[in-house]
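*Asks:* Give the three-dimensional model of this entry:
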Amino acid sequence: MKTRLFPKNERGTANHGWLQANFSFSFGNYYNPEVVQFGMLRVLNDDTIAAGMGFGTHPHENMEIITIPLEGGLTHRDNLGNEATVRFGEVQVMSAGTGVTHSEMNASKTEHAKTLQLWIFPDRQNVPPRYDQKAFNPENHPNKLIKIVAPQNKTDGNALWIHQNAFLYLGVFESGQEINYTINDTENGIYLFLIEGKLEINGQEVNERDAYGAIEFDTITIETKAPSKILIIEVPMKFNDTYGD
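*Replies:* Below is the predicted model:
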């Protein structure tokens with residue numbers, strides 16, 4: 001097993017007034033050659049968006065985009081005719097494929113919104129664009145990892161799907177829990193992002209907003225040292241710039 005801690009204070013940052021952003025990987029004006037991506041995971045942005053503000057209409061293509069609200073909600077509009085608000089407890093996926101334009105605006109005029117947005121490289125190019133969202137409400141299912149995103153044939157009838165052999169799990173755990181995570185594909189690695197709480201993994205302390213990467217393993221044991229909210233991102237490790245492979 002190879003592992004690496006990604007401390008929260010080593011992330012890139014940007015302050016645009018209406019947007020406070022933290023970048024796990026190189027993004028926009030932030031470039032760090034040591035953290036360009038983690039396998040097929042290209043972006044993990046941790047954003048706070050001011051009331052009434054957001055991302056105006058802009059294009060994407062050939063990327064799987066996943067949005068996870070942490071506080072408040074975002075209103076999505078796109079050129080495919082989709083319009084919906086995604087809130088805490090829900091997850092949004094968008095396959096940009098051949099091309100899509102969309103906007104994501106804070107749904108509140110009075111309260112800020114906090115979101116995680118991920119970009120994952122697809123396993124095929126130029127697919128028809130698509131949009132979907134679903135409620136998972138992890139706080140209603142404590143001490144359990146809930147599969148929220150998976151390949152189309154491995155959703156177990158519940159998870160949202162994307163064009164990649166990637167799996168995302170979200171869970172809310174009490175202190176003192178032991179989680180044994182078994183990799184879905186041994187060619188994959190995991191990037192664990194600790195939204196809240198405190199963990200110990202293989203003797204390594206992981207604190208709120210830290211991330212922990214692991215490759216070349218079958219099962220990994222995660223211990224919660226405080227009430228914790230955990231996001232696990234399992235992705236193929238092709239283009240593994242993080243480890244230089």
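*Asks:* what ranges of the chain fall below the confidence cut-off?
*Replies:* For the chain, the stretches with pLDDT under 70 are 239-245.
*Asks:* let's go with 90 and repeat that
*Replies:* 88, 238-245 (pLDDT under 90).
*Asks:* quick one: contacts for the spatially most central residue of it?
*Replies:* Per CA atoms, centre = their mean, the C-alpha nearest to the average position across the chain is that of residue 118, at 4.4 Å. The neighbours of residue 118, taking CB atoms under 8 Å, 6 or more residues apart in numbering as the test, are 41, 43, 44, 45, 65, 66, 67, 68, 168, 233. (C-beta placed from N, C-alpha, C; glycine too.)
*Asks:* The fifth one and residue 189: what is the separation?
*Replies:* What it means is residue 65. 20 Å (CB to CB, to the nearest Å).
*Asks:* Could you report the separation of residue 234 from residue 105?
*Replies:* 30 Å.
*Asks:* So which of residue 65 and residue 189 has more stuff around it?
*Replies:* residue 189 (28 against 20; other CB atoms under 10 Å).
*Asks:* Secondary structure element holding the more buried one?
*Replies:* Per DSSP states H and E: residue 189 is located in strand 188-196.
*Asks:* tell me, how many neighbours does the residue nearest to residue 137 when sequence neighbours are not counted end up with?
*Replies:* Nearest residue to residue 137, sequence neighbours excluded (CB to CB, 6 or more residues apart in numbering): residue 89, at 4.4 Å. As a burial measure, residue 89 scores 16 neighbours (other CB under 10 Å).
*Asks:* Also residue 114?
*Replies:* Using other CB under 10 Å: residue 114 sits among 16 other residues.
*Asks:* And the helix or strand hosting it, what's buried?
*Replies:* Taking DSSP H and E as the definition, residue 114 sits inside strand 113-120. Within strand 113-120, the residues that count as buried by 16 or more other CB atoms under 10 Å are 113, 114, 115, 116, 117, 118, 119, 120.
*Asks:* Pick the one among these closest to residue 51.
*Replies:* Nearest to residue 51 among the buried residues of strand 113-120, counting by CB to CB, is residue 113 at 8.1 Å.
*Asks:* Sounds good, over and out.
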